[in-house]
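# A predicted structure for the sequence below; I have some questions about it.
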Amino acid sequence: GGLEVWRFGGLGSVDQRVWGRGVRAVGAPSDKILAMAEPLPKDRPEDEQEPQREPKNLLGTPFRRVDGRAKVTGATRFADDLAPPRTCFLKLVRSTVPHAKISAIDFSEAEQVPGFLGALTGEDFPTPFGILPVSEDEHALCPEKVRYVGDPVAAVAATTEDAATEAAHKVKVEYELLDTIADVEEALATAEPRIHEQEGEGGNVHKEISMRFGDVDAGFDEADLILEDTFFYQGNTHLPMEQHAALAVAEDDDRVTVYSSTQTPHYVHRALTKVLDLPASRIRVVATPNGGGFGGKSDPFPHEIVAAKMALVLGRPVKIALSREEVFYCHRGRHPVLMWVKTGFRRDGSITGMHFRSFLDGRKRWHGVRIADGIGARSRALLARRRRTTLQGATARTQAPYTESLARGGSAGIRRSGMTKRSEAD
């Protein structure tokens, strides 16, 4: 079990390698295998009808999962289980400072590590990428400056994973430190320096949405009690058992196949096409069985793009599996959110008016835009529903500022707020 067919060479090549756990076969398919594709002969006469099956009640009837047997027997092969012949290993060199310009990168000591094969820097990835055109602000490797601790700066490849790790540790990066913007309040108050110079609403605010309906001031005038509260949600992240992993296989004619633990192969394919500047027909992305994701593998990631580029440069398969620490560096968990709400109540408990502000620590990536829109729209839907009964008006305002925190994004699964209320002493 667990065998997988890998086709190398040009389209229609008969050179096939089938390898699983120590098994390999090379050559054209046998007559027995070809015979398996022939239709089975009919054993009953043409006029004989199919036997009638009794209808089965689907409710309460157990069904075997299609992938269940392979998973419980250990036959399922995840991205990090794949290892074609001549596979080499990739490691990323990540920033140790939150905000700085890259002055120099020295590979001289890394090149002396036995098994060292090659290195890449941000100069090899001048084209940014992102899911939405409004926020294509991410590079596979930082070309000029880093924006958070863990931002990928360079990449090295070696014949073994240990050698690649040693080489990555010996890469020396010189930085020119810049001012750090650590939280939402600081981002709102700091117009310069801008973390991303090319986009945003101004200063370090990426996206701002304001919606107002009804006479909010009149609602507050009618209130018997007005409360102002500030809440802060720290944010959280996914923790799937499987870390992010990818294998890039260089084919002939400048084609590349990427096997990744992604949840969104189409996003990865589009990002690879843009960053590598290759026609989409020359790039193939295979989403391997996923060892958990919960939205944390829903973006194209730098390691997938860098692996594909390194495979094309070296002309051999390149694999990378992130450590658990690296997963936290590149995660797409829920944004930290600072919320302020002013609410007017009558003595019977009905709401007369509300002013709501929500500030997302969006840092960079496209999710800040999407979630800012979502919070504004959902707040309006909620308050408008109340308005049809007792609510006279409300204001919803959301912002997604840039800070030097980790990237944020989609998160699915069990919902827990983790919200705390800030007192005046805070």
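Now that the structure is in, tell me what you want to look at.

# Okay, the spatially closest residue to residue 166 that is not a sequence neighbour and residue 252: tell me how far apart.
Closest residue in space to residue 166, ignoring its immediate chain neighbours: residue 113 at 5.2 Å, by CB to CB, 6 or more residues apart in numbering. Every C-beta, even on glycine, is put in place using the N, C-alpha and C of the backbone. From residue 113 across to residue 252, the span is 30 Å (CB to CB, to the nearest Å).

# do the same with residue 319
Distance from residue 319 to residue 252, by CB to CB: 20 Å.

# neighbour count winner among those two?
residue 319 (25 against 11; other CB atoms under 10 Å).

# Which strand residues bridge that one?
residue 89, residue 247 (DSSP bridges).

# likewise residue 258?
residue 248, residue 285.

# give the contact list for it.
246-249, 268, 272, 283-286, 304, 307-308 (CB atoms under 8 Å, 6 or more residues apart in numbering).

# and of the residues you listed, the nearest to residue 315?
Of all those, residue 249 has the smallest distance to residue 315: 10.5 Å, by CB to CB.

# Quick check on the residue nearest the centre of the chain: phi, psi?
Nearest to the geometric centre of the chain sits residue 299, at 3.0 Å (CA atoms, centre = their mean). Residue 299 adopts backbone torsions of phi -110, psi 160, taken as degrees, to the nearest 10.

# swap in residue 69?
According to degrees, to the nearest 10, residue 69 has phi -60, psi -40.

# Find the residue closest to it in space, skipping its chain neighbours.
Using CB to CB, 6+ apart, the closest residue to residue 69 is residue 75 (7.6 Å).

# Doesn't that neighbour belong to a strand?
No. Secondary structure of residue 75 (DSSP: H, G, I helix; E, B strand; the rest coil): coil, not part of a strand.

# I'd like to know how many residues surround it.
14.

# Roughly how far does it sit from residue 313?
33 Å.

# And for residue 101?
Here residue 101 is placed at a distance of 26 Å from residue 313 (CB to CB).

# Then residue 209?
Taking CB to CB, one finds residue 209 at 43 Å from residue 313.

# what does residue 286 give?
For residue 286, the distance to residue 313 (CB to CB) stands at 21 Å.

# again with residue 121
12 Å.

# Same check on residue 350?
Residue 350 is 67 Å from residue 313, where distance means CB to CB.

# higher neighbour count, residue 101 and residue 313?
Legend: neighbour count by other CB under 10 Å for residue 101 and residue 313, higher for residue 313 (16 against 13).

# so that one makes contact with residue 119?
No. Taking contacts as CB atoms under 8 Å, residue 313 lies outside contact range of residue 119: 9.7 Å.

# I'd guessed residue 249 sits against residue 314; true?
No. Using CB under 8 Å, residue 249 is not in contact with residue 314; the gap is 11.3 Å.

# Between the two, which is the more surrounded one?
Neighbour count, other CB under 10 Å: between residue 249 and residue 314, residue 249 has more, with 25 against 17.

# what about that one, distance to residue 240?
Taking CB to CB, one finds residue 249 at 24 Å from residue 240.

# got it, and residue 60?
30 Å.

# What of residue 52?
Taking CB to CB, one finds residue 52 at 46 Å from residue 240.

# quick one, which of the two is more surrounded?
Higher neighbour count among residue 52 and residue 240: residue 240, with 17 against 6, using other CB under 10 Å.

# which residue ranges form the helices in the stretch 1-150 of the chain?
Here the stretch 1-150 of the chain has its helices, by DSSP state H, counting those that start in this stretch, at 31-35, 68-72.

# And those, which one averages the lowest pLDDT?
The minimum mean pLDDT among the helices of the stretch 1-150 of the chain belongs to helix 31-35 (a mean of 43).

# which stretches of the stretch 251-400 of the chain have low pLDDT?
Residue ranges of the stretch 251-400 of the chain with pLDDT under 70: 362-400.

# those strands in it, which residues are they?
Ranges of strands in the stretch 251-400 of the chain, per DSSP state E, counting those that start in this stretch, are 256-260, 283-287, 318-321, 337-345, 351-360, 393-401.

# could you dump these to TSV with distance to residue 96?
Below are these laid out as TSV (distance: least, CB to CB, whole Å):
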stretch	distance to residue 96
strand 256-260	27
strand 283-287	31
strand 318-321	20
strand 337-345	28
strand 351-360	26
strand 393-401	24
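
# between those strands, which gets nearest to residue 66?
Residue 66 sits nearest to strand 283-287 of all the strands of the stretch 251-400 of the chain, at 15.4 Å, using CB to CB.

# quick one: buried residues of that closest one?
Residues of strand 283-287 classed as buried by neighbour count (16 or more other CB atoms under 10 Å): 283, 284, 285, 287.

# of these, closest to residue 233?
Distances from residue 233 to the buried residues of strand 283-287, taken by CB to CB, are shortest for residue 287, at 31.1 Å.

# could you check the distance from the closest one over to residue 78?
For residue 287 relative to residue 78 (CB to CB), the value is 11 Å.

# Now for the two: what residues contact both?
In contact with both residue 287 and residue 78: residue 261, using CB under 8 Å, 6+ apart.

# wait, isn't residue 131 in contact with residue 299?
Yes. Here residue 131 reaches residue 299: they are 6.7 Å apart, a contact under CB under 8 Å.
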